[in-house]
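*Asks:* Build me a structure from this.
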Amino acid sequence: QLGESGGGLVQAGGSLTLSCAAAGLTFNTYALAWFRQAPGKGREVVAVIARSGEPPYYPDAVKGRFTISRDNRNRLVHLQMNNLKPEDTAVYYCAASTEWGFPRESQQYSSWGQGTQVTVSS
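*Replies:* I've put the predicted structure just below:
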């Protein structure tokens, strides 16, 4: 139901935009998020955009560098990533949750994409 695109290899300091297309969801009733998982580490949230239009949530590690946006008409969610660092290297997943507010735990999300690899070289 969710499919990511836009990953790739970029040098440190560069930018990438990830996109996620949704199908089979009543899109505007879902909170949407991007998570990432680096080798040997757990899955962590990097951005959440609520169903209600409030300003998005970002953890400190990416605040000021990543921007999440949603296009309810076209059922898309994007993650603009600027000033990328080698520690941003991970598989990035989009996810959808029916919870209100800013769900931040992976178990709060019922729909997931297959993931897209982002590699940042130093």
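*Asks:* Nearest to the middle of the chain, which residue? Look it up for me.
*Replies:* Nearest to the mean C-alpha position of the chain, by CA atoms, centre = their mean, lies W34 at 1.9 Å.
*Asks:* who's in contact with that residue?
*Replies:* Applying CB atoms under 8 Å, 6 or more residues apart in numbering, we find W34 in contact with 18, 20, 45-47, 66, 68, 77, 79, 92-95. Any C-beta I mention is one placed from the backbone N, CA and C, and that applies to glycine too.
*Asks:* Does it lie in a helix or a strand, and which?
*Replies:* According to DSSP states H and E, W34 maps onto strand 31-37.
*Asks:* in that strand, what's buried?
*Replies:* Neighbour counts over strand 31-37 (16 or more other CB atoms under 10 Å) mark 31-36 as buried.
*Asks:* As a markdown table, these with pLDDT and distance to V120 would be great.
*Replies:* A markdown table is the format used below for the buried residues of strand 31-37 (pLDDT from 0 to 100; distance: CB to CB, whole Å):
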| residue | pLDDT | distance to V120 |
| --- | --- | --- |
| A31 | 96 | 27 |
| L32 | 97 | 23 |
| A33 | 97 | 21 |
| W34 | 98 | 15 |
| F35 | 98 | 17 |
| R36 | 98 | 12 |
